[in-house]
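# Here's my sequence, what's the structure:
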Amino acid sequence: ENPALASIVADKLRLEWAPEQIAGWLKHTYPGVKDQQVSHETIYRSLYIQARGALKKELVEHLRRTRVMRRSRHHTQKTEDHGRIVDAVSISERPATAEDRAVPGHWEGDLLCGSHNSQIVTLVERQTRYVMLVKVARKDTETVVNALIQHAMKLPQELYKSLTWD
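Below is the predicted model:
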């Protein structure tokens with residue numbers, strides 16, 4: 001919508017600046033002037049979705065990664081087996097005592113992923129609502145399962161009957 005800004009962005013792309021660099025430079029060069037700033041995602045979107053014809057082709061060639069389609073860094077591949085637990089037992093098969101919260105020892109777990117590659121496992125006991133947090137080094141299955149096993153060993157066996165994983 002802003003031809004002057006579009007021209008600046010196009011010039012920087014021709015100089016092989018990354019969209020992140022361009023967005024940062026604009027923010028630094030024009031502080032407080034929102035009309036002269038644009039996010040790197042908007043630059044990518046304009047190149048991959050909105051731009052058409054020769055201009056698009058010329059500018060995309062200057063990007064460091066020349067892909068036909070672009071996915072944001074938060075995009076996940078939604079395949080049939082992505083995120084599935086092998087040999088998982090359905091939540092509908094959870095024991096009735098866990099379902100009605102009559103007996104302590106039935107837990108619900110979840111993995112929370114934070115910034116800077118940080119992960120925490122949350123465990124909530126269904127009857128008492130007691131919460132335990134377990135910091136894990138990585139989010140791969142083996143690391144998480146081993147952390148859960150180590151943590152479960154600290155509890156009396158009667159207080160660790162089942163775990164329903166989100």
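
# make it CA atoms for all contacts and neighbour counts henceforth
Fine.

# domains of the protein?
3-62, 95-165 (the TED database).

# And the longest one, end to end?
In this case it means domain 95-165. 14 Å (Cα to Cα, to the nearest Å).

# The lowest-mean-pLDDT helix or strand in the chain: what's the following helix or strand?
Least confident helix or strand, the chain: helix 53-60 with a mean of 55, by mean pLDDT, DSSP states H and E. Later in the chain than helix 53-60, the nearest helix or strand by DSSP states H and E is helix 96-99.

# Worst mean pLDDT among the domains of the chain?
The minimum mean pLDDT among the domains of the chain belongs to domain 3-62 (a mean of 79).

# Could I get the full set of helices for the protein?
With helices called from DSSP state H, the chain shows them at 3-14, 19-29, 40-45, 53-60, 96-99, 141-152.

# Please convert those helices to a markdown table, extending it with mean neighbour count and distance to residue 90.
As requested, the helices of the chain are exported to a markdown table (neighbours: other Cα atoms under 10 Å; distance: least, Cα to Cα, whole Å):
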| stretch | mean neighbour count | distance to residue 90 |
| --- | --- | --- |
| helix 3-14 | 15 | 51 |
| helix 19-29 | 17 | 44 |
| helix 40-45 | 16 | 39 |
| helix 53-60 | 14 | 46 |
| helix 96-99 | 15 | 13 |
| helix 141-152 | 13 | 18 |
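
# Which one of these lies nearest to residue 164?
Closest to residue 164 of those is helix 96-99 (Cα to Cα; 9.4 Å).

# which helices and strands sit right next to the closest one?
In terms of contacts (3 or more Cα pairs under 8 Å, 6 or more residues apart in numbering; DSSP states H and E), helix 96-99 is not packed against any helix or strand.

# How about residues contacting it?
Contacts of helix 96-99 from elsewhere in the structure, counted by Cα atoms under 8 Å, 6 or more residues apart in numbering, are 103-104, 106, 126, 162.

# Buried ones among the residues you listed?
The neighbour-count test (16 or more other Cα atoms under 10 Å) marks 103-104, 106, 126 as buried among the contacts of helix 96-99.

# Could I get the domains of the chain in JSON lines, plus columns for distance to residue 87?
Shown next, in JSON lines, are those (distance: least, Cα to Cα, whole Å):
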{"stretch": "domain 3-62", "distance to residue 87": "39"}
{"stretch": "domain 95-165", "distance to residue 87": "13"}
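
# Ramachandran angles for the residue nearest to residue 160 when sequence neighbours are not counted?
The shortest distance from residue 160 to any non-neighbouring residue, by Cα to Cα, 6 or more residues apart in numbering, is to residue 105 (4.6 Å). Backbone torsions of residue 105, given as degrees, to the nearest 10, read phi 120, psi 0.
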